[in-house]
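Undergrad: What follows is a predicted protein model with its sequence.
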Amino acid sequence: MALRVAGDFDTSYARDMATLRQPWHWWALLGFLAVLALLPQVAGSYLLGILNTIAITVITVQGLNILTGYAGQISLGQAAFMTVGGYISALLVSRLGLSFFVALPLAGLGAGLVGLAFGLPSLRVKGFYLAMATLAAQFIIPWFVRNAYRDVLNGAQGLVVPVPELAGVRFDTPNSYFYITLAVVCISTYVAHNIGRSRLGRALIAIRDNDLAAEVLGINPFKYKLQAFFISAFYAGVAGALWAHYTRHINSETFDLIDSVWFLGMVVIGGLGTSNGPIFGAVFVRLLREAVVLLSPALGRLFPALEANILAALGPIVFGTALMLFLIFEPHGLAHRWQVLKAAWRLRPFAH
Amino acid sequence: MRTVRLFAVRPLVLVLIVVLLALVACAPGAAPTPTPQPPTPTKAPPKPTPTEAPAEPTATKPAEPEKRTQNLEGETITLYHFGDISGPYAAITTPLVDGFNDAVAWLNEQGGIRGAKVEVVWADDGGNIEEAISIYNRFRTSDPKPLILIIYGSPELEALRERFVEDQIVTLTAGVSGEGLYVNSGWAFGWVPIYSDQFGLFVDWLVENWADVKPPQAGDEIKLGFVTWDTAYGRAASTDEAIEYAKSKGVEVVGVEFIELSPTADTTTALLNMQAAGANVIYTNTLAFGPANILKDATALGLREQMLFAGNNWAMDLATLALAGPENMESFYSLMPYLWWDEDHPGIEIIKEQFEKNQRPPQERNIAYLASFAIVDAARQVLERAIDDVGYDALDGQAVYNAITTMGEIQALDGVLRLEYDETRRAPNRARVAVTQGGKFVPVTDWLVTPDLRPQK
């Protein structure tokens, strides 16, 4: 449901497609970005650390949203593609001496190519069967980095990853690193939003809704599915590289299967096939986790006799319950709730 | 329906301008980043030595404030700890929380640290490194900054080791991967010998005692195989240095087999592969359900007459005993770099008293409770030494680092844990070999010195 303010007409094709339709939209966006840009100057590393984690998660979930939300292809290998990106970037920077800012897109490219390979089964299988096929990535890739080329990949111990540097500035704190993640998440959000509105996005949606009908309309499902796999893995690779350089370490356990499952969960929670869904999903899940981590010791102080036994399990219980309730009461995702709130705001004081 | 061009120019330019501005904003001097710290810790300040009397009196020099080293009543010292309480290692780590709390309560009853009250702040990362980093960021920005941090896992250690150095926070870790303590590290110190050192010590003992301890059908030559988890922790004992050391001692290492990191893992295939390779000793760098599954499957396969089973120090614990059963855990060997609950020792008596006083459940009477209790006392000794060196008001990370690397052996609770560090050694190097007999863990050696098998990279 897209409600516009009175007088907001489409007077040209460009205006028809505009996302930011009013001057205040631009000011709000610039103001928001300015606040984010100033945040590292005033906020502590704890907050910035959370924001870095959220931003990196948003990037990988945006990629998965293109594959799952738009194209309807379920993937359980997103975390494995992050591993690929993290290793590629680490090796390019530490072994070849490339700048992190050159290695970052190359990491995405490398992960994208690996994603293409694991996307090949999408021609023949779909749904749960495709999920199982992509699950293979989550086993093969970690096995590969643990066991192959041990002199280069350092086996199970993994790699020490250098801190990014640019013109003498070391991005070695959560505060300074935030500028990198902010820049990348801005670009990734812009591209992901427009992919959904481009010919590619329309084709992916057509395939998702009815692949047979899409093929009849002249859309090559295989080509577009592979493009979706490539883009999704590209995003994952970039996110993996960002994470590896942020934590300065990567090994085969850095991104595991449960991460892939959670990324899928974030897409669902945020809203499948919506451009702002990944942001909502990643923010919601990350903040919920943070709240649970903070809550457990606090409750432990209230009930000291139970601290080690019950309260250690409290985190997962609260976390799981919150998600379950959320999915029951808002199955279309937070993006839908956002649309409802916006509509209600536009229609005020008339609710209907 | 019209579609947009993927890269419309105007919005992209605007976004890039904003991003560029942001990057400019983080130019040196703008961002409130902490001052970069030297990666190599400095030595302890030299102790004042008697000097000759000054040639001229310095009457105008203001008197320096006296160092406060005693009677710190009214002050508070906070110990921070975090790690996997509810994740994959929960079977062994959950009692850590109670162990810390009980130790701190006991310590405060004894007068705290030179009169200062001790508080404890903890968090559970559930085995998730993202959470661990977030928790660390929260702790490191506490006011005052943590003097000592305590963690339990090798993954947390490996992810945060460089930051400990940069932030100058001394960290005591139960996860003792050689990589985490010796590569790009410096301010993290292990509770127990690193896993490759433990393995080396086991090899030393095994070679000397093989004739006495070998199973009836094992043969005269030692052929050792690793059955372990395919993780950084699981592989931490089977390093190149450790395998080379075993070979140098005449032990043939026949292979490494991996098992699933799962309470329901089936280890049958791994054990049969080891049998086919001729192994008569199985070493595992796992804990809780890891050794339990190996021992249960080995018994079911009838391999106990052919193979001797052993593991690192965390493998010998109540969790393993409960999961495997006493009969399956019989004759399981392990390293024991601490005193155990059954030993007659004043430090152990304190732990047992507090355990009963606080009505802790029997299943918490494990290594996590014991070691966390003792490590609090170790932290106390280190902090007291640092207070003696620089005074309470000048206490900082560097002072704690200097104390821990120069004070020699730390006998936590009179020797329940025996720790000794210096600038190049970041884990203790002494342990005993123990065996499971009738459901009890019995040391079979005195304290032995481990070989030094740290990573040579």
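TA: Happy to help now that I have it.
Undergrad: going forward, measure contacts between C-alpha atoms and count neighbours the same way
TA: OK.
Undergrad: Residue ranges in the chain under the pLDDT threshold?
TA: As the question left the chain open, I've gone with chain A. A:1-2, A:304-315, A:351-352 (pLDDT under 70).
Undergrad: Wait, chain B was what I had in mind.
TA: In chain B (pLDDT under 70), the answer is B:1-64, B:457.
Undergrad: next structured bit after the helix or strand containing A:Leu39?
TA: Using DSSP states H and E, A:Leu39 sits in helix A:23-42. Proceeding N to C from helix A:23-42, the next assigned helix or strand is helix A:45-64, under DSSP H and E.
Undergrad: got the buried residues for the helix holding A:Leu39?
TA: By neighbour count on 16 or more other Cα atoms under 10 Å in any protein chain shown, the buried set for helix A:23-42 is A:33, A:36-41.
Undergrad: out of those, which one sits closest to B:Phe189?
TA: A:Pro40 (31.6 Å; Cα to Cα).
Undergrad: Distance-wise, check that closest one relative to B:Glu162.
TA: A:Pro40 sits 21 Å away from B:Glu162, going by Cα to Cα, to the nearest Å.
Undergrad: Can you show me the strands along the stretch 301-450 of chain B?
TA: B:308-311, B:333-336, B:409-412, B:417-420, B:430-437, B:440-443, B:448-449 (DSSP state E, counting those that start in this stretch).
Undergrad: Just name the most buried of those.
TA: strand B:333-336 (a mean of 27; mean count of other Cα atoms under 10 Å in any protein chain shown).
Undergrad: and B:Ile150, what does it touch?
TA: B:79-82, B:171-173 (Cα atoms under 8 Å, 6 or more residues apart in numbering or on different chains).
Undergrad: for those residues, which one is nearest chain A?
TA: Nearest to chain A among the contacts of B:Ile150 is B:Phe82, at 10.4 Å by Cα to the nearest Cα.
Undergrad: For that closest one, which non-adjacent residue is spatially closest?
TA: The shortest distance from B:Phe82 to any residue other than its chain neighbours is 4.8 Å, reached at B:Ala123 (Cα to Cα, 6 or more residues apart in numbering or on different chains).
Undergrad: State the number of residues packed around the residue lying closest to B:Asn280 once chain neighbours are set aside.
TA: Nearest in space to B:Asn280, with sequence neighbours left out and distances taken as Cα to Cα, 6+ apart, is B:Met307 at 4.2 Å. The local packing of B:Met307 (other Cα atoms under 10 Å in any protein chain shown) involves 25 other residues.
Undergrad: what's B:Met307 in contact with, if anything?
TA: Taking Cα under 8 Å, 6+ apart as the test, what B:Met307 contacts is B:214-215, B:217-218, B:279-282.
Undergrad: Widest-spaced pair of those?
TA: Taking Cα to Cα, no two of the contacts of B:Met307 sit farther apart than B:Gln217 and B:Ile282, at 14.3 Å.
Undergrad: Is it correct that B:Ala399 is in contact with B:Asp388?
TA: No: B:Ala399 sits out of contact with B:Asp388 when judged by Cα atoms under 8 Å, with a separation of 9.9 Å.
Undergrad: Which of these two has more residues huddled nearby?
TA: Ranked by neighbour count (other Cα under 10 Å), B:Ala399 and B:Asp388 place B:Ala399 first, with 25 against 17.
Undergrad: B:Gly255: which element?
TA: Residue-wise, B:Gly255 maps onto strand B:252-259 under DSSP H and E.
Undergrad: What lies in contact with that strand?
TA: B:222-230, B:238, B:243, B:246-247, B:265-267, B:270-271, B:273-274, B:277-279.
Undergrad: residues from the stretch 51-200 of chain A in reach of chain B?
TA: By Cα under 8 Å from any Cα of the partner chain, the residues of the stretch 51-200 of chain A that approach chain B are A:53, A:156-157, A:160, A:169, A:173, A:175-176, A:179-180, A:182-183, A:186-187, A:190-191, A:194-195, A:197-199.
Undergrad: Just the buried ones from these?
TA: A:53, A:156-157, A:160, A:173, A:175-176, A:179-180, A:182-183, A:186-187, A:190-191, A:194-195, A:197-199.
Undergrad: Please name the nearest non-neighbouring residue to the residue nearest to the spatial centre of chain B.
TA: Nearest residue to the geometric centre of chain B (Cα atoms, centre = their mean): B:Ala174, 1.8 Å. Closest residue to B:Ala174 apart from its sequence neighbours, by Cα to Cα, 6+ apart: B:Tyr152 at 4.4 Å.
Undergrad: To what extent is the one you found buried, counted in neighbours?
TA: With other Cα under 10 Å as criterion, B:Tyr152 counts 24.
Undergrad: Relative to chain A, which residue of the stretch 151-300 of chain B is the closest?
TA: For the stretch 151-300 of chain B, Cα to the nearest Cα, closest residue to chain A: B:Ala232, 4.8 Å.
Undergrad: any idea how far that residue lies from B:Ser177?
TA: For B:Ala232, the distance to B:Ser177 - Cα to Cα - is 8 Å.
Undergrad: what sits in contact with each of these two?
TA: With Cα under 8 Å, 6+ apart, B:Ala232 and B:Ser177 have common neighbours B:Ser154.
Undergrad: Who has more neighbours out of these two?
TA: Neighbour tally, B:Ala232 and B:Ser177, criterion other Cα under 10 Å: the higher count belongs to B:Ser177, 30 against 21.
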